[in-house]
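[1] Based on what follows, work out the 3D shape:
(chains A and B)
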There are 2 protein chains.
Amino acid sequence: MIKVVVDGFGGDNAPVEVVKGVVSAINENSDLHIVITGKEDALNDELAKYTYNKEQVTVLHAESVITNDDVPTTAIRTKKDSSLVVAFDYAKANDDCVGLVSAGSTGAVLTGAFMKFGRLKGIHRPALCPILPTKTGGVVGLCDSGANMDCKPEYLEQFALMGSAYLKTIGVENPRVGLLNVGTEDHKGDTRTKESFELIKNLGDKINFVGNMEARDLLSGDYDLIVTDGFAGNVLLKSTEGAIKNLLSILKTEIKASFWSKIGALFMKKAFGNIKSKMDYNRHGGAVLLGCKKLLVKGHGSSKDTSIYACINQVYKMSKGNLVENIAKELETLGLDDNE
Amino acid sequence: MIKVVVDGFGGDNAPVEVVKGVVSAINENSDLHIVITGKEDALNDELAKYTYNKEQVTVLHAESVITNDDVPTTAIRTKKDSSLVVAFDYAKANDDCVGLVSAGSTGAVLTGAFMKFGRLKGIHRPALCPILPTKTGGVVGLCDSGANMDCKPEYLEQFALMGSAYLKTIGVENPRVGLLNVGTEDHKGDTRTKESFELIKNLGDKINFVGNMEARDLLSGDYDLIVTDGFAGNVLLKSTEGAIKNLLSILKTEIKASFWSKIGALFMKKAFGNIKSKMDYNRHGGAVLLGCKKLLVKGHGSSKDTSIYACINQVYKMSKGNLVENIAKELETLGLDDNE
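    Next comes the predicted model:
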């Protein structure tokens, strides 16, 4: 039995969509047990709407909720009765609970992971790795997408190792790892990236490093993992989101501007639907936090049931693939034995 | 009379499109004189195709061409008979020549500018500032978009001043300046960005600083200038380009995939054309290099005549707006008197 704790009140659509996602995950995996935290009555009311094996779900009462307005460190320390802290405390106290899913405040979720789960031995910095859909129908991981500012080259070296191990557990064979840079030539970039290039290159056959890559090729399908510092990674992720969103908004305006294009859009409804679904990265789950002692997936704040379902499945797959153990093993081979 | 030198053999479509663009610019501005460099015969053959005032154009022979395969510093030093070096040398030797336009190798153009033009007194680093079209039909500048790696906060402070002065000369009143960051709150970001925030904030009413901005809002129309280091700026620019390109490619595939969507696309031809034109940043000219003693616009390698025309117009407008003098004046008020 794989046990996962879910923050039942994290995210804009909690608890309705969270409960719906939990039920989907349960109904698909008979060896999955979900502990869901939050207001007991509300959770039970939602659960009552569905048919599922009741032995696979436990409701754990939590009176309050951490919001985006809370200061993360303060909230994790003081809001001990919140759905997120109750979830973290449960996972920490129970060895058989493999990880946590939350669509709540990113800051609070990351802070909670650092404070409650802690880093694996040898890990400099845990890193966020979301998964994006590519042009060719595959996926690409981005590590770090914003958990760490002021990264050192040694952090990026570990991001490459951890991200590679993660992609293997979700079914990508021999993931092609690219280092985000301003050009593809070996000597390009700022000092951090040049030094990171050397460190990652020296990992040899531990990973499949294909060299420097440019931001324009994120969605090309030529890479399975992009390694970068949290600042540039955040810029890459958000500008890609923003460009797609703004282009679709311009498209909408243009369609509305003429009768004929409105007619045309009707004929293209299916094509537009396919594109929306192709570019919807929520269906791939959330961003995984790599390098902690337990698994953690942070869902988008606007997660619907399908996204929560996918986040739970990520934890399930990572647990079956022994991700935490694999990362620990990779780190050992680097000969690191402290955290700085 | 405003005199501008144009690298007649720079870019993928030289000299045909370059000459066409030169003629358009000449025919629009009777007080513009263009000196165009490159193989004399070829340039004269192209010019012979058009009607224009011959007194406004001078052809300056240059036997060779610098390509993307040349090492920039070596090429600028040794290929003295190339269209680019002849252009730089002409601009340097002639006080009445206000600036240079080239669609050639970015590395060579930047190296040439540093070596031949030199920095304005007090400028830490000249910076590239391309202009992008926004969702709302306006434009946004991005400074630095990749000329400088390992930027210090003081560089970004100057990028804010120079970029702001540039946008004013192309008609943007009181440009709203945003600092690229991972969030909009004041305390966000890595050390460089936090320190840059303080320096830029302390510029007071010298510029219209509106605070931190996120990569997803580049095209929103909420900002006129984005200030950032060259690494993150390059990531922002290229990921935006890449996301738009990949989304349009997915759209194309989806349209081709079904009979009905092909029909729909016919009805939407005008709408698609409008979008393509809206997002085509070449029609706004090229990236301006700010902070040198003469004006410089670097056109995209794939520039067509409209882009070359726009690049020349940029130099023309910047010259009329006394950009170099204005930047020098702004710098003086900072009390800087050396280059480091």
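[2] Just the helices from the stretch 51-200 of chain A, written as ranges.
    Remark: helices assigned in the stretch 51-200 of chain A by DSSP state H, counting those that start in this stretch are A:72-78, A:83-93, A:106-112, A:153-169, A:191-201.
[3] CA-only coordinates of the second one in PDB, if you can.
    Read it as helix A:83-93. Taking Å, rounded to 0.1, in the frame of the first residue of the first chain, the C-alpha atoms of helix A:83-93 are listed here in PDB:
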ATOM      1  CA  SER A  83      -4.500  21.800   6.400                       C
ATOM      2  CA  LEU A  84      -1.000  22.200   5.100                       C
ATOM      3  CA  VAL A  85       0.900  21.900   8.400                       C
ATOM      4  CA  VAL A  86      -1.300  19.000   9.600                       C
ATOM      5  CA  ALA A  87      -0.500  17.300   6.300                       C
ATOM      6  CA  PHE A  88       3.300  17.900   6.700                       C
ATOM      7  CA  ASP A  89       3.200  16.700  10.300                       C
ATOM      8  CA  TYR A  90       1.300  13.600   9.400                       C
ATOM      9  CA  ALA A  91       3.800  12.700   6.600                       C
ATOM     10  CA  LYS A  92       6.700  13.400   9.000                       C
ATOM     11  CA  ALA A  93       5.300  11.300  11.800                       C
END
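[4] what separates that helix from the chain centre, distance-wise?
    Centroid separation between helix A:83-93 and its chain, computed with C-alpha atoms, centre = their mean, to the nearest Å, is 19 Å.
[5] The longest one now?
    Average the C-alpha atoms of helix A:153-169, do the same for its chain, and the two points are 14 Å apart (C-alpha atoms, centre = their mean).
[6] what inclination does that helix have with respect to helix A:191-201?
    Note on geometry: by axes from the mean of the first three to the mean of the last three C-alpha atoms, to 10 degrees, helix A:153-169 and helix A:191-201 are set 50 degrees apart in direction.
[7] Give me the distance between the residue nearest to A:S164 when sequence neighbours are not counted and chain B.
    Leaving aside its chain neighbours, A:S164 sits nearest to A:I207 (4.4 Å; criterion: C-beta to C-beta, 6 or more residues apart in numbering or on different chains). C-beta coordinates here come from the backbone N, C-alpha and C atoms, glycine included. A:I207 sits at a distance of 22 Å from chain B (criterion: C-beta to the nearest C-beta, to the nearest Å).
[8] now A:L120
    Going from A:L120 to chain B by C-beta to the nearest C-beta gives 24 Å.
[9] How about A:N313?
    For A:N313, the distance to chain B equals 25 Å [C-beta to the nearest C-beta].
[10] That residue belongs to a helix, doesn't it?
    Yes. The assignment for A:N313 (DSSP: H, G, I helix; E, B strand; the rest coil) places it in a helix.
[11] hang on, isn't it packed against A:A25?
    Yes. In this structure, A:N313 is within contact of A:A25 by C-beta atoms under 8 Å, at 6.2 Å.
[12] So the two - more neighbours on which side?
    Higher neighbour count among A:N313 and A:A25: A:A25, with 25 against 22, using other C-beta atoms under 10 Å in any protein chain shown.
[13] How confident is the prediction for that one, by pLDDT?
    Here the pLDDT value assigned to A:A25 is 97.
[14] number of nearby residues for A:P130?
    A:P130 has 22 neighbours, counted by other C-beta under 10 Å.
[15] There's contact between it and A:G141 in this structure, I believe.
    Yes. Using C-beta under 8 Å, A:P130 makes contact with A:G141 at a distance of 7.3 Å.
[16] Which positions in stretch A:213-228 come out as buried?
    Using 16 or more other C-beta atoms under 10 Å in any protein chain shown as the test for burial, stretch A:213-228 gives A:213-221, A:223-228.
[17] Also near chain B: which of those residues, exactly?
    Among these, the residues within reach of chain B (C-beta under 8 Å from any C-beta of the partner chain) are A:E214, A:A215, A:R216, A:D217, A:L218, A:L219, A:S220.
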